[in-house]
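K.L.:
sequence first, then the predicted structure:
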Amino acid sequence: MRRLMVLLLVMAVAGCGDGEATRTRASEQFTQGGVSMEPTVRAGQVITARTVTGTYEPRRGDVVLFRSPGGLWGDRETPLLKRVIAVSGEAIACCDTAGKVTVNGKPLNEPYVAEDASLDEPPDPNHCGPRRFAAVTVPADSVFVMGDSRARSNDSRCAGPLPASSVFAVMAE
C-alpha cells in the first residue's frame, strides 16, 4: 500500500496520469519580425509564448506562432504570428452588412483590429489586400488565422486555413 501511495505521488508530481503534461508548456521568447499584428504586437517587440507540446487545441482568439506549411504562406523557416479567428468546423466569412467578419453567421467583436483592409480593393495574387472573402468552413485539425493589422497581413483570407499541426507556440496572456 505504501509503495502504491509513493507511486501515485511521483506520478502526480511528474504530471502523469491526468494529461497535465501535454497542457504544461515551457515558455520561450520570440521577436516579432513584421507589422501584421500591430498594435497588439509591434515589429521588433519581444513576446513570451508557451511552446506547444502534444497536440495544439486551438481556441478562437489565441495568438499563435507557426511555421509556414508552404504554398501561399511563403517561407517555411521564418515563424509567423497571427490570431486564430475560427477553428475546425466553423464557417467564417467577410463581410456582413456592417463590414464585420462573421463566424457561423454571427459578427465578431474585434477590438484588436486597428488597421482594417479595404472592403472593395480588387484582388491581387501578390498581396492579401481585400477584406472581403468567400465563406470558408474550416477543415478538421485546422485554424483560420488573420493578422490584427488586416491591411498589412498575409493570412488565411488569401492562403487558406492553416493546419493546426503548424502551430508551435501560443502567446502568453
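P.N.:
Everything's here; your move. Numbers count the residues shown, from 1 in each chain.

K.L.:
any idea how far residue 86 lies from residue 51?
P.N.:
23 Å (Cβ to Cβ, to the nearest Å). To be clear about C-beta, it is placed using only N, CA and C from the backbone, and glycine gets the same treatment.

K.L.:
neighbour count: these two, which is higher?
P.N.:
Set residue 86 next to residue 51 and count neighbours by other Cβ atoms under 10 Å: residue 86 wins out with 26 against 12.

K.L.:
give me the distance between that one and residue 104.
P.N.:
Residue 86 sits 8 Å away from residue 104, going by Cβ to Cβ.

K.L.:
in the chain, which spans are strands?
P.N.:
Counting by DSSP state E, one finds strands in the chain at the ranges 27-31, 46-51, 63-66, 80-87, 91-94, 101-103, 106-107, 133-137, 142-146, 162-163, 167-171.

K.L.:
need those in TSV (columns: mean pLDDT and distance to residue 120).
P.N.:
Shown next, in TSV, are the strands of the chain (pLDDT from 0 to 100; distance: least, Cβ to Cβ, whole Å):
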stretch	mean pLDDT	distance to residue 120
strand 27-31	87	35
strand 46-51	93	33
strand 63-66	95	28
strand 80-87	96	21
strand 91-94	95	12
strand 101-103	96	16
strand 106-107	96	19
strand 133-137	91	13
strand 142-146	96	18
strand 162-163	94	26
strand 167-171	93	32
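
K.L.:
deepest of those, which one?
P.N.:
Highest mean neighbour count among the strands of the chain (mean count of other Cβ atoms under 10 Å): strand 142-146, with a mean of 27.

K.L.:
what pairs with it, parallel or antiparallel?
P.N.:
strand 80-87 (antiparallel), strand 162-163 (antiparallel) (DSSP bridges).

K.L.:
understood, closing this out.
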